[in-house]
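Colleague: Whatever this is, show me its structure:
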Amino acid sequence: MAKSSNYRVKLRRRREGKTDYQARKALVTSGKPRLVIRGANRNVTVQILIAKPHGDEVLAAANSRELIKNYNWKAATGNIPAAYLTGLLCGLKAKTKAVKEAILDIGLVAPTKGAKIFAALSGVLDAGVQVPHSEEKIVKDRMKGEHIAKYAKSLGIGSEEYTAKFSKYTSKGVAPEKIAELVSKAKTEITDSFKTGKQVVPEPEKKTPAKKEVAPIKKEEVPLQEEKVAPAEQKKRSAKKAAKPKTAAKKSAAAKEKAAPKEKTSKKGGKKA
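Modeller: Down below sits the predicted model:
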């Protein structure tokens, strides 16, 4: 409710908890690219953007789903190791486009120590992109998934709780206690792909629908539609057609009279010979 006459409703995205406009203004006026990291339960998205008058332009972007498609990642795509590899992938893409530095943009997420945001930041730093940060927020052991391996061992390999909580890992043939090996393999594949240039995947061209050739329509093939005329109108038209020859005869007679020479009369009234 309004508290005074000066009360002003907050912007929609601020009310929804999506955008901190005060922080965004400071980031945009800096003139440097923004490292935007957004995490969900199943995926992590890392982008490097630059602000333009018409809107933000994406310089480099990576999603954790790319790890499954291109780099044989078989574990979950929403955990901390996946966030680290996604940040590494985005950072290497940014390096190919001559992006050397960026500013971290975490939105309205609380900067918790060892969170997925800082795992992705660690991957971008390892790729060679400079981002101002504090080393206290980054926990190196979590990047490799060692906390997952310790938790799996604590549950006991083969126990009911182990199989219930790591069913997705075991269904894909991944042992959670050996996830560090999977992370190192994926990391080497990502870095090697940028060295050899195999990471460039051409986007599928949008196929335009073929135009159907339409055969030209001949004039003879199109039947002329007969005009429907009311009977009263037909009588009027027939009367006009019948009157036309009479008027034409009158006009011809008038033209002959004008063409004939007039006889001159004398002053006395007699005809001049």
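
Colleague: and Gly107, what does it touch?
Modeller: 18-20, 36, 38 (C-beta atoms under 8 Å, 6 or more residues apart in numbering). Any C-beta I mention is one placed from the backbone N, CA and C, and that applies to glycine too.

Colleague: among the residues you listed, who's most crowded?
Modeller: Ranked by the number of neighbours (other C-beta atoms under 10 Å), the contacts of Gly107 place Val36 first, at 21 neighbours.

Colleague: Quick one: residues contacting it.
Modeller: 46-49, 105, 107.

Colleague: Helix or strand for it, just tell me which one.
Modeller: When elements are assigned from DSSP states H and E, Val36 belongs to strand 34-39.

Colleague: Tell me which helix or strand the closest residue to Gly87 other than its chain neighbours sits in.
Modeller: Closest residue in space to Gly87, ignoring its immediate chain neighbours: Gly123 at 2.7 Å, by C-beta to C-beta, 6 or more residues apart in numbering. Assigned by DSSP H and E, Gly123 belongs to helix 116-127.

Colleague: and that helix, what does it pack onto?
Modeller: strand 34-39, strand 44-52, helix 80-96, helix 140-143 (3 or more C-beta pairs under 8 Å, 6 or more residues apart in numbering; DSSP states H and E).

Colleague: Kindly supply the PyMOL command isolating those of the contacts of Val36 that are buried.
Modeller: Here is the PyMOL selection string for the buried members of the contacts of Val36, based on 16 or more other C-beta atoms under 10 Å:
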select buried, resi 46+47+48+49+105
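
Colleague: ok, so of the contacts of Val36, who is nearest Glu233?
Modeller: Leu49 (73.3 Å; C-beta to C-beta).

Colleague: pretty sure the closest one contacts Val58?
Modeller: Yes - counting by C-beta atoms under 8 Å, Leu49 does reach Val58; the two are 5.8 Å apart.

Colleague: May I ask which two of the contacts of Val36 are separated the most?
Modeller: Farthest pair in the contacts of Val36, by C-beta to C-beta: Ile48 and Gly107, 14.9 Å.

Colleague: now stretch 75-90: how far from the chain's centre is it?
Modeller: The chain centre lies 24 Å from the centre of stretch 75-90; the measure is C-alpha atoms, centre = their mean, to the nearest Å.

Colleague: List the buried residues for that stretch?
Modeller: Here stretch 75-90 shows 75-77, 79-90 as buried, counting by 16+ other C-beta under 10 Å.

Colleague: Likewise for stretch 106-115?
Modeller: For stretch 106-115, burial by neighbour count (16+ other C-beta under 10 Å) applies to 106, 114-115.

Colleague: Determine the number of other residues adjacent to Lys137.
Modeller: 17.

Colleague: That one reaches Pro111, doesn't it?
Modeller: Yes - shown here, Lys137 and Pro111 form a contact pair, counting by C-beta under 8 Å, at 6.4 Å.

Colleague: now the strands for the stretch 51-200 of the chain?
Modeller: 55-63, 103-105 (DSSP state E, counting those that start in this stretch).

Colleague: Averaged pLDDT, the longest one. What do you get?
Modeller: Along strand 55-63, the predicted confidence averages to a pLDDT of 95.

Colleague: Grab the CA positions of that strand and hand them over as CSV.
Modeller: C-alpha atoms of strand 55-63 as CSV (Å, rounded to 0.1, in the frame of the first residue of the first chain):
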residue,chain,number,x,y,z
GLY,A,55,20.4,-4.3,-25.6
ASP,A,56,22.9,-6.9,-24.4
GLU,A,57,25.1,-8.7,-26.9
VAL,A,58,26.3,-12.2,-26.1
LEU,A,59,30.0,-12.6,-26.8
ALA,A,60,30.3,-16.1,-25.5
ALA,A,61,27.9,-18.6,-23.9
ALA,A,62,27.9,-22.2,-22.6
ASN,A,63,25.3,-24.4,-21.0
